[in-house]
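# With the sequence up front, the predicted model follows.
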Amino acid sequence: MKRIEAVVSRARLERAFAALKELDLGGITYFESKGMGEIPRQKVHSGRGTGTFTLEFNINSTIVVVVSDSMVNKVVDKILESTSSGVKGEGKIFVSSIDDVVDVGTKKRGEAAL
């Protein structure tokens with residue numbers, strides 16, 4: 001089993017969800033995240049709009065999904081297709097191994113818990 005974490009632009013989160021729904025995954029977790037990378041940080045107006053400042057971090061979303069080994073390339077490809085415009089610094093996808101999974105409700109273990 002593999003854990004896939006994808007840090008993507010918050011603006012492209014809905015596209016990623018729609019693409020991943022096509023794969024009929026057991027579940028998806030996401031959360032808002034902040035970070036610094038190659039993409040310039042956003043400038044925002046302050047107070048009454050008289051001044052601007054640059055945010056310290058970019059606001060992103062991180063998608064987390066655990067899948068069987070055979071699904072990794074399909075999931076990564078769907079995320080790339082739905083979120084990438086080809087600009088360096090748009091995000092990252094991390095793939096790591098998972099030793100075990102336990103479904104809290106059913107108490108199933110391993111891939112049966114996915």
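Alright, I've got the coordinates. No experiment lies behind these values; they were computed from the predicted model shown.
# residue contacts, Leu25?
65, 67, 71, 75 (CB atoms under 8 Å, 6 or more residues apart in numbering). For every residue, glycine as well, the C-beta is placed using N, CA and C.
# hmm, 7 Å instead?
65, 67 (CB atoms under 7 Å, 6 or more residues apart in numbering).
# Give me the phi and psi for it.
The phi/psi pair for Leu25 (degrees, to the nearest 10) reads phi -80, psi 160.
# How much space separates the residue of the chain most remote from its centre from Glu56?
Residue farthest from the centre of the chain, counting by CA atoms, centre = their mean, is Thr50 at 35.0 Å. Separation of Thr50 from Glu56 (CB to CB, to the nearest Å) stands at 20 Å.
# ditto for Glu32
15 Å.
# again, but for Lys88
21 Å.
# Next SSE downstream of the top helix by length along the chain?
Determined from DSSP state H, the single longest helix within the chain is helix 72-83. The helix or strand immediately downstream of helix 72-83 is strand 92-97, counting by DSSP states H and E.
# Which strands border that next one, and is each parallel or antiparallel?
Strand pairing for strand 92-97, using DSSP bridges, gives strand 2-9 (antiparallel).
# Low-confidence ranges, this protein, go.
38-47, 49, 53-55 (pLDDT under 70).
# in it, which strand has the most residues?
Ordering each strand of the chain by length in residues (DSSP state E) puts strand 58-67 first.
# So for that strand, what gets flagged as buried?
58, 60-63, 65-67 (16 or more other CB atoms under 10 Å).
# Thank you, goodbye.
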